[in-house]
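Visitor: here are the coordinates; sequence isn't available:
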Ligand code: NI
């Protein structure tokens, strides 16, 4: 496995819509292993493939200390509610902002062995799924801000 370089804003790869994975082959599995290692090395909660320069619809999310959720071609099929969250991103290092996310989501995807995954998620997991699926569509959390002055340095909450 290898730790990959994380692309940061304004790298154009972050703005491209990632393409569907057609076959979960050796190279896709290697990419997933490397994404997991890169996420864990960076203490991130999630990582999308285009953040490491691979424009494919794959995300990995650290669900708990020893569980990683791998979603291939994820689709959010339902969102319910709204809540204000503080969000950051490995591709926007050092900054966070308050944005609005759905409270719960239902996601459909393939797992790394090709089986169909259907998950209902809430709280931080729902937030992470929305954030990572946004990445696959070329969207960053800063796009939800009316004004870049709404960004604050990580660790310093706004008044
Ligand atoms: Ni991100």
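Guide: Arrived safely. Keep in mind it's a predicted model, so treat the numbers as computed, not measured.
Visitor: which other helices and strands contact the longest strand anywhere in the chain?
Guide: When secondary structure is assigned using DSSP state E, the longest strand within the chain turns out to be strand 67-80. Secondary structure elements in contact with strand 67-80, counted by 3 or more CB pairs under 8 Å, 6 or more residues apart in numbering; DSSP states H and E, are helix 26-41, strand 58-64, strand 104-110, helix 123-136. No exception for glycine: its C-beta is placed from N, CA and C like everyone else's.
Visitor: Output those in a markdown table; the columns should cover mean neighbour count.
Guide: Compiled in a markdown table, the helices and strands packed on strand 67-80 are given as follows (neighbours: other CB atoms under 10 Å):
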| stretch | mean neighbour count |
| --- | --- |
| helix 26-41 | 17 |
| strand 58-64 | 22 |
| strand 104-110 | 19 |
| helix 123-136 | 21 |
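Visitor: So for residue 83, which of these sits nearest?
Guide: If you check each of the helices and strands packed on strand 67-80 against residue 83 by CB to CB, helix 123-136 wins as the nearest, at 8.5 Å.
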